[in-house]
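Participant: What follows is a protein structure lacking sequence information:
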């Protein structure tokens, strides 16, 4: 009876999922999609206008190499420069418009969630966005050192002619990889809050996690550049420990709540 009452109380706190007609769902989806697409187009235009400034940042390591050897950024086709600007504009547009299209997506999904699920969803978004931005900034700070180190394996008598599309893809992979890596601890916390993984299980796997972090740091950074590897591994390890602490506090509070419910059921 006590469990039934608890389930009834939880059901009462959940929002009423009134059935909307299919046409209303489609209309809302179309409206929010149009808003997201409009924000994306505005972001792409802004990214194209900023593409030259972004390219200046991208060219900085090459300019440093050119002081000691013949180094330049090259295009393999007549449309290569324009294609590169479009790629930068698209990537910048997705990043700049992300607050809008992520909000529209969540606003479309959250009416079907209860209060607890909404709190977890928006908490996940609030934590993941700054972590992703911080990871991307770390990648931006890291890639010039990586370019310098990797290019140093060539003799100063050799020419370093970098294909523009490959070079920019290399940078984007580093930036995205570090950004995603910094968000992974949030997924660990989410799995714990949803009851999929316990804090004890997370703590038992700490050796595997640390090894995975070191391997990931070695993959996205040159093996000989120990400082760059530490710049990735130390923040990721710290974030993992923070995720473990949050999971442990959540499990401890859940255990206390369960003990309190058992005590109340025993008294009744």
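Facilitator: That came in fine, so what should we check first? Since the structure is predicted, the reported quantities are computational estimates derived from the model, not experimental observations.

Participant: what about the chain, any weak spots by pLDDT?
Facilitator: 1-20, 22, 112-113, 221-225, 259-265, 267-268 (pLDDT under 70).

Participant: In terms of secondary structure, what does the longest helix anywhere in it contact?
Facilitator: For the chain, the longest helix by residue count, based on DSSP state H, is helix 226-267. Applying 3 or more C-beta pairs under 8 Å, 6 or more residues apart in numbering; DSSP states H and E, we find helix 226-267 packed against helix 2-13, helix 115-151, helix 164-193, helix 199-204, helix 206-220. (Each C-beta comes from the backbone N, C-alpha and C, glycine too.)

Participant: hmm, who's touching the fourth one?
Facilitator: By C-beta atoms under 8 Å, 6 or more residues apart in numbering, the residues outside helix 199-204 that reach it are 188, 192, 243, 244, 247, 248, 250, 251.

Participant: In this structure residue 143 contacts residue 60, no?
Facilitator: No - taking C-beta atoms under 8 Å as the definition, residue 143 is not a contact partner of residue 60, at 9.8 Å.

Participant: out of those two, which sits in the busier spot?
Facilitator: residue 143 (24 against 13; other C-beta atoms under 10 Å).

Participant: ok, now which ones touch that one?
Facilitator: Applying C-beta under 8 Å, 6+ apart to residue 143 gives the contacts 61, 170, 171, 174, 175.

Participant: distance of the nearest residue to residue 127 once chain neighbours are set aside from residue 120?
Facilitator: Using C-beta to C-beta, 6 or more residues apart in numbering and skipping residues adjacent in sequence, the residue nearest residue 127 is residue 186, 5.0 Å away. For residue 186, the distance to residue 120 equals 11 Å [C-beta to C-beta, to the nearest Å].

Participant: Quick one: neighbours of residue 67, just the number.
Facilitator: Residue 67 - counted by other C-beta under 10 Å - has 7 other residues nearby.

Participant: Phi first, then psi, for it.
Facilitator: Backbone torsions for residue 67, taken as degrees, to the nearest 10, come to phi -70, psi -20.

Participant: Quick check: residue 39 touching residue 105?
Facilitator: No - in this structure, residue 39 is not within contact of residue 105 by C-beta under 8 Å, at 11.7 Å.

Participant: got the contact list for the closest residue to residue 220 other than its chain neighbours?
Facilitator: Nearest non-adjacent residue to residue 220, counting by C-beta to C-beta, 6+ apart: residue 177, 4.9 Å away. Contact analysis of residue 177 by C-beta under 8 Å, 6+ apart lists 139, 216, 220.

Participant: Most neighbours among those, which one?
Facilitator: residue 139 (25 neighbours).

Participant: thinking again about what came up before, quick one: distance of the longest helix of the chain to the chain centre.
Facilitator: Relative to its chain's centre, helix 226-267 lies at 20 Å (C-alpha atoms, centre = their mean, to the nearest Å).

Participant: quick one: contacts for residue 255?
Facilitator: Counting by C-beta under 8 Å, 6+ apart, residue 255 has no contacts.

Participant: What separation is there between it and residue 133?
Facilitator: Taken as C-beta to C-beta, the span from residue 255 to residue 133 is 35 Å.

Participant: Next: residue 118.
Facilitator: Residue 118 is 23 Å from residue 133, by C-beta to C-beta.
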